[in-house]
Every structure is written in structure tokens, then in C-alpha cells.
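[1] Got a predicted structure plus its sequence, pasted below:
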Amino acid sequence: MELSDIKGKKILIVGLAKTGVSMAHFLHSQGAEVTVSDHKSKAELLNHLEKLEGIPIRLELGGHTPKTFLAQDLIILSPGVPPHLKIFEYAKNQGVPVTGDLEFCAQFVKEPMIAVTGTNGKSTTAHLIYTFLKESGKKVWIGGNYGEPLSEYLRKGEKADVLVVEVSSFMLEHAEKFNPKNIVFMNLAENHLDRYRSMEDYVNAKRKVFLNVNQSTTSILNADDNAVVELARDPMVQRGRIFYFSRKPSLEPQIMNIGGSVAIKDQLKVRTGPEIQYFSVGETKMRGVHSQENIMAAVLAAREHGATAEQIQKVIDTYGGMHHRLEYVRRVGGVEFYNDSKATNVHAVMRALDAFDENVILIMGGKDTNLNYAPLRDRIQRKVKSLILVGEAKERINRDIGDYSETFLIGTFEEAVLISYQKSRIGDRVLLSPGASSFDMFDSYVERGNYFKELVQQFK
């Protein structure tokens, strides 16, 4: 399909959030007849509807009807919309194509794309790649699951040298022809089990990023993650070139032989061509051993598109990390506060706790997504003085790990933050690392993290 083919088409967008609003603007700009369907009411969607004022689109709010779906030439699902609703299958059986926003938009992008995926570390790695390339003088766009939807790139008519696109499992569910130039796969851990029936279903959604690998594709994979290594053995992945990155010096000979990066103490050894390059991470301001993984993956991807060694080193030395990812908030009465609101699964909490030795007051909880918190037991026992649980998931978390620390089940988020401060002593670290999504109390992890910071700023 070409952009000109959109004109006059009847296209239904399902799900009116940030992606749905952007898609509606883009499709309207291309002359499509746009309809938006959402199960939420007009009152619930008021903030999004305000952004569509002046655009002649049809609205179906408060539910979905077969009549509306069958009247379309194409149906596009926003990432937050589960693809297994019966009405979608019904529409497909009646001959109406159903796709997702990533699959639809990517077909119109002619510039090379770097797709960054995995369970954790996607946003930081994507932003590092973007920063390496931008500081090296490249015109680069970043978006997808982080930042602006891909439809914004198309709508604004931008022409970048390269696009850095963070892709979630939700976005990949409809992938058929999505074909990025580079695939960066950070890790795989249990996640989103409120959406997927099993870990296998989640992995199958993620692995669709490799569907169209060919000889011009370079995949950048975590050699320390067994699940990612298992994916790499797939013949589909093997069709392209593979770079590995690792924090294990013992893997240096294997990785340097085929190309990739190894962390040896405070030094990264990198090979993407004939020569081996060295980068120091001794001055980096990012906390946690996982930061080395993010940097290695980002260096490999950025070098593929012309980032210079000088600018890469400069960014490594000065980059302070991203908001809501182990973000230092402030020090009050000898107690340090850290905002890790983006940690919405167990693996992310593990990574956060690995950044500290002991004396952690940990705040966890949020929407219950059926995760197993038992893998945290050892870290909780060794590092956490007090465990503060809040939100819909607090009972599940308490059953799994509540016996491994002094544990409190709290009614409100405000109380949880206050009690964490009351329980702390000089030298302690209060860490918000929820291990759950925010949607029981907040609209997003950003809102949750900002509110945490706002509450902490009030302490004296």
C-alpha cells in the first residue's frame, strides 16, 4: 500500500488513547474516512476527544457494534486493545482486514528502522541509541512505545537518517511484514500475564519482530539471557547477522570472533567491523549493573548507523538516565529516594534491587496482572529492611514475598510513601519499584512516578 491508497478508504481505529488520536490525525490528513470505536464513555475519553476537535470523524463510544466494524475497508487496533475480542475475529471472517498501528505505519517508512524490544531496558536503550546518533550529527527520530507513535513521524512528513522505534509485545501482535534494519533484543521475563494466557504466548508475540529477517538485518542480542539465546537459535533469526553483548568476560573470545560487545570491569570491548574499540563506563551516572547491558546494546546499534566513538564516549560519561527508571529524587535527613515507577514486572524489580547492597525500604504494588513474585525472595531477604505494599496486587505480593521482610499492607499510595519515610533511618534508600502496572490507581507509570516525586519533595 502507498500513502495515496489511503484516500477515500473507510478506516476504523479501535482504542482512543495517545496512539488512536495520532492515528486519527494522520489518516484524516491522507483523506481517509475515519471512525473511532472505544468501549469507554465520552466522559472517560474527554481529554483525548478534545485533541480531535475540528476533525470530521465518526465516533462509537461505550462499546463496539458489528455494523460499524463490517462497514470498514480496514480496522486498526491501538496497542492497548487486546486482539482476541470476538468482534475482531467476526470482522476478519467477513473479509475486513484487521491490523495494528505498528504494522500499518511501518509499511510507509522508507528509512532504516532500529527496533528495540525485550521485557526491560527498552526505553533507556532506545534513548541511548538516539542520543549517540544525534550527538554524532545524524538526523534521528525516536518513538513507538516510548515517545510519539510512529504515525506522528508520517503525519509530520519528517525525513530522518534513521528511526529508533521501541516496540512492545502488544505492538508486535499484528506484525506480518514489519522489517526493521536492526533488531535489539534486551531480555525476556514473565510479563503481561493479564493479557497473555501463558509465558509462551508472550514470547510468541515478542519473537514476531524476527519474522522478516534477511541478510541485511543485524540482530543485537543479550548473550546473558537464556531465553534470548534460545530465540537466536531459530533458523528465522539466523538468516541475518547477529551481534551479542554480555557482562561475562568468559564469553569474550566467542563474541569478539563474530562481533559484539563484552563488559570487562569498567571497560566495554566492542567489535562491529575489522577493528576492536574500547569504551569506558567508569564515569557513567547510571545506576545498576544492567546499565552496562543497555549501553552495550546501544553502542552496537548506533555504530551500525555511523555514531562516532568520540561522541559515544562523551554520552556514556554524561548521560544521567531517564525519568522513572531508577531516578534519583532527593536526599532527606540522610535518606535517599529513588523513583523506579517504570518497573512494572518482577524482572525490573530484580534489576533495581541489584543496584543496591542493603538498607532498602521498598514500595511495591499496583494493578494485579497475575505475576509470580517468588523469584524476588532472596533479594528481599538480603536487601530490604521494610516492604511497603499498596494497590490491587498487594495481597498477591504479600503471599509470595511478605514473609521475607518486615511487611506492611497500606490502603493508599500517599500513606505508603509516608510510612516508607517514617520507617527509614540515616543511610537507608527508599525505592519505589512497584513490580506492577499503574492502572489500578494511575493513568500511567509516569503519573505514578511524578506523584511519588511530588510527595517526596514535601518531606522536611
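    Thanks, I have it.
[2] quick one: Glu190 and Val349 touch, right?
    No: assessed by C-beta atoms under 8 Å, Glu190 is found out of contact with Val349, at 11.8 Å. The C-beta positions use only the backbone N, C-alpha and C, and glycine is treated the same way.
[3] residue boundaries of the strands in the stretch 301-450 of the chain?
    Using DSSP state E, counting those that start in this stretch, the strands of the stretch 301-450 of the chain run over residues 327-332, 335-339, 360-364, 384-390, 406-410, 429-432.
[4] ok, and which of those has the densest surroundings?
    strand 360-364 (a mean of 27; mean count of other C-beta atoms under 10 Å).
[5] pLDDT averaged over it - what is it?
    For strand 360-364, mean pLDDT rounds to 98.
[6] again with stretch 309-328
    Averaged across stretch 309-328, the pLDDT comes to 93.
[7] Dump that stretch to CSV, restricted to CA.
    As requested, the backbone C-alpha atoms of stretch 309-328 are provided in CSV (Å, rounded to 0.1, in the frame of the first residue of the first chain):
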residue,chain,number,x,y,z
ALA,A,309,33.5,6.7,19.0
GLU,A,310,34.2,10.2,20.4
GLN,A,311,30.5,11.1,20.8
ILE,A,312,29.6,7.7,22.2
GLN,A,313,32.2,8.1,25.0
LYS,A,314,31.0,11.6,25.7
VAL,A,315,27.4,10.5,26.1
ILE,A,316,28.4,7.5,28.3
ASP,A,317,30.2,9.9,30.6
THR,A,318,27.4,12.4,30.9
TYR,A,319,24.1,10.5,30.4
GLY,A,320,22.1,10.6,33.6
GLY,A,321,19.4,8.1,32.7
MET,A,322,15.7,8.6,32.1
HIS,A,323,12.9,9.7,34.3
HIS,A,324,11.1,6.9,36.3
ARG,A,325,14.0,4.4,35.7
LEU,A,326,16.0,4.2,39.0
GLU,A,327,15.8,8.0,39.0
TYR,A,328,17.4,9.8,42.0
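[8] ok, Glu190 and Val349, which is more surrounded?
    Neighbour totals were compared for Glu190 and Val349, and Val349 leads with 28 against 19 (other C-beta atoms under 10 Å).
[9] What residues sit buried inside stretch 4-23?
    Buried residues in stretch 4-23, counted by 16 or more other C-beta atoms under 10 Å: 6, 9, 11-23.
[10] from the residues you listed, which ones fall inside strands?
    Those of the buried residues of stretch 4-23 mapping onto strands are 11-14, per DSSP state E.
[11] In a markdown table: the strands of the stretch 301-450 of the chain, plus distance to Glu293.
    Formatted as a markdown table, these follow (distance: least, C-beta to C-beta, whole Å):
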| stretch | distance to Glu293 |
| --- | --- |
| strand 327-332 | 18 |
| strand 335-339 | 19 |
| strand 360-364 | 21 |
| strand 384-390 | 23 |
| strand 406-410 | 30 |
| strand 429-432 | 20 |
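[12] so which of these gets nearest Lys206?
    Lys206 lies closest to strand 360-364 among the strands of the stretch 301-450 of the chain, at 24.7 Å (C-beta to C-beta).
[13] partners of the closest one in the sheet?
    strand 384-390 (parallel), strand 429-432 (parallel) (DSSP bridges).
[14] the inter-axis angle of the first one versus strand 406-410?
    Put plainly, it is strand 384-390. Relative orientation of strand 384-390 and strand 406-410, computed by axes from the mean of the first three to the mean of the last three C-alpha atoms, to 10 degrees: 20 degrees.
[15] hmm, back to that, which of the ones in strands among the buried residues of stretch 4-23 sits closest to Tyr146?
    Nearest member of those to Tyr146, counting by C-beta to C-beta, is Ile13, at 20.8 Å.
[16] So the closest one sits against Val36, correct?
    Yes: assessed by C-beta under 8 Å, Ile13 is found in contact with Val36 at 4.9 Å.
[17] shared neighbours, the two?
    Here Ile13 and Val36 have 20, 24 as joint contacts, going by C-beta atoms under 8 Å, 6 or more residues apart in numbering.
[18] which stretches of the stretch 201-350 of the chain form helices?
    226-232, 235-238, 252-258, 290-304, 309-318, 346-353 (DSSP state H, counting those that start in this stretch).
[19] With just CA atoms, put the shortest one into CSV.
    Yep, that's helix 235-238 we're talking about. The C-alpha trace of helix 235-238 is given here as CSV (Å, rounded to 0.1, in the frame of the first residue of the first chain):
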residue,chain,number,x,y,z
PRO,A,235,16.6,-20.5,11.7
MET,A,236,14.5,-17.4,11.1
VAL,A,237,16.9,-15.3,13.2
GLN,A,238,19.9,-17.0,11.8
